[in-house]
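[1] starting from these lines, generate the structure:
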Amino acid sequence: MTTDQDRRRWCFTGPHRFPTRDSAAGRLSLSHTSERRQPRREWALGICLGLLLASAAAAGGPTDVLVFTRTEGFAHPSIADGVLLIETLGVEEGFSVTVTDEATDIEPATLSGVQVVVWMSTTGDVLDPEQEDAFRAFMNAGGGYVGVHASVDCEYGWPWYGELLGNGAWFGGHPPTQEATLVLERPDAPGAGTFEATTPFTEEWFNFQANPRPVVDVVMTVDESSYDPGPGAMGDDHPIAWSHAFAGGRVFYTALGHRPETYSDPRFVEQIREAIVWAAGAPIFANGFETGDLGGWSDVVSLLPTGPRASEHQEP
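    Sure, this is the predicted structure:
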């Protein structure tokens, strides 16, 4: 019977650029035996991550979560509150939490040990092409993405990331922070939290460059008639939180989270808890097959091409 240790040993050996054990440092590091990226490397990386993520999914719920906090644009003071929330949920739900603002941690050795990456109000151009490849392989292999608030304000020049967000729903601007009415569209969906059918809520209400609804499951919207949405208003349909199956994995995004006090609001806390647990679920394949079985990994090993990159980004 193949064990997790056997899978890790197989994944982290070979003639290409894969993690190896640095006995002196006591950690995994990357060995460079080939500078030229090869299709076999990408195929093997997808398979390796898939095996490890499937083992975690079969065990039920996340065991390891990475919180990514890098900002190259506006840095929200509430990021620290978000980190504390995830760490608290880790204690309550029994998963470990690693926090980093280093883009170099978005690489195979680190990602192979986690089921969910929380992008906590990341802004600007946070990953280089190689790191993008690593994160894309993580999602292809059944990984989970949970985006919080300003995670839509980054990677504008990476088309794949726009698809992950849903239909290119990058940040498009916002009016001053104010109270508005949240409308819960799917109370049975992951990330509905304990919000009521309609909830007054104070937030920095993001407008988006595109409406994600055509390709996602919208969990909640904001009623634009209940506040002044300013330039870039989205009209009668203004999604605020949504989820979807993407590239073999699961994506959840919430635009809530600008204010520090939001991270102690029980309704929001439950939203994030549900999102992480759901995102860590079994891989979702292109044919809709959802399972922890290892038999379908051939559906998720290919990586999408890297798109052009932009040098200028908007800030919230």
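
[2] A strand includes residue 66, no?
    Yes - counting by DSSP: H, G, I helix; E, B strand; the rest coil, residue 66 is located in a strand.

[3] which residues does it bridge with?
    residue 98, residue 117 (DSSP bridges).

[4] go ahead and confirm it touches residue 100.
    Yes - taking contacts as Cβ atoms under 8 Å, residue 66 lies within contact range of residue 100: 6.9 Å. Using the backbone N, CA and C atoms, a C-beta is placed for each residue, glycine as well.

[5] shared neighbours, those two?
    Common contacts of residue 66 and residue 100 (Cβ atoms under 8 Å, 6 or more residues apart in numbering): residue 110.

[6] of the two, who's got more company?
    Neighbours were counted for residue 66 and for residue 100 using other Cβ atoms under 10 Å; residue 66 has more, 23 against 15.

[7] can you pull the pLDDT of the more buried one?
    pLDDT, residue 66: 98.

[8] list the contacts of it.
    97-100, 105, 110-111, 114, 116-118.

[9] quick check: the gap between the nearest residue to residue 126 once chain neighbours are set aside and residue 230.
    Excluding the flanking residues, the one nearest residue 126 by Cβ to Cβ, 6 or more residues apart in numbering is residue 70, at 4.4 Å. In this view, residue 70 and residue 230 are 28 Å apart by Cβ to Cβ, to the nearest Å.

[10] follow-up on the earlier one: count of residues packed around the residue nearest to residue 126?
    Count around residue 70 with other Cβ under 10 Å applied: 22.

[11] do the same with residue 129
    12.

[12] next, work out how far apart it and residue 78 are.
    In terms of Cβ to Cβ, residue 129 sits 30 Å off from residue 78.

[13] where along the stretch 101-250 of the chain do the strands fall?
    If DSSP state E, counting those that start in this stretch is used as the criterion, the strands of the stretch 101-250 of the chain fall at 116-120, 123-124, 144-148, 153-154, 171-173, 178-184, 198-203, 207-208, 217-223, 239-246, 249-254.

[14] now these in a markdown table, with mean pLDDT?
    Output for the strands of the stretch 101-250 of the chain, formatted as a markdown table (pLDDT from 0 to 100):
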| stretch | mean pLDDT |
| --- | --- |
| strand 116-120 | 98 |
| strand 123-124 | 98 |
| strand 144-148 | 98 |
| strand 153-154 | 98 |
| strand 171-173 | 97 |
| strand 178-184 | 98 |
| strand 198-203 | 98 |
| strand 207-208 | 98 |
| strand 217-223 | 98 |
| strand 239-246 | 97 |
| strand 249-254 | 98 |
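
[15] okay, now the unreliable bits of the chain?
    1-60, 282-316 (pLDDT under 70).

[16] same thing but 90
    1-62, 282-316 (pLDDT under 90).

[17] returning to that earlier point: give the contact list for the residue nearest to residue 126.
    Contacts of residue 70 (Cβ under 8 Å, 6+ apart): 100-103, 122, 126.

[18] so which of those is the most crowded?
    Among the contacts of residue 70, the one with the most neighbours (other Cβ under 10 Å) is residue 122, at 28 neighbours.

[19] which two of the contacts of residue 70 have the greatest separation?
    Greatest spatial distance among these (Cβ to Cβ): 102 and 122, at 12.2 Å.

[20] do you know how far residue 264 is from residue 257?
    12 Å.

[21] more neighbours, those two?
    A side-by-side neighbour count of residue 264 and residue 257, using other Cβ under 10 Å, places residue 257 first with 27 against 12.

[22] that one should be in a helix, yeah?
    No - under three-state DSSP, residue 257 sits outside any helix and is assigned coil.

[23] pretty sure it contacts residue 265?
    No - look at residue 257 against residue 265 with Cβ under 8 Å: they stay out of range, at 10.0 Å.

[24] tell me who's in contact with residue 72.
    123-126, 154, 313.

[25] let's see that with 10 Å instead.
    Neighbouring residues of residue 72 by Cβ atoms under 10 Å, 6 or more residues apart in numbering: 103, 122-127, 154-155, 313, 315.

[26] over to residue 197?
    Neighbours of residue 197 in contact, by Cβ under 10 Å, 6+ apart: 182-185, 187.

[27] what is in contact with residue 257 and residue 265 at once?
    Both residue 257 and residue 265 are contacted by 85, 271, under the criterion Cβ under 10 Å, 6+ apart.

[28] which one among the contacts of residue 197 gets closest to residue 203?
    Nearest to residue 203 among the contacts of residue 197: residue 182, at 8.4 Å, using Cβ to Cβ.

[29] which non-adjacent residue is nearest that closest one?
    Distance criterion Cβ to Cβ, 6+ apart; nearest residue to residue 182, sequence neighbours excluded, is residue 199 at 4.4 Å.

[30] residue boundaries of the helices in this structure?
    4-11, 39-59, 79-93, 108-111, 129-140, 159-165, 266-279 (DSSP state H).
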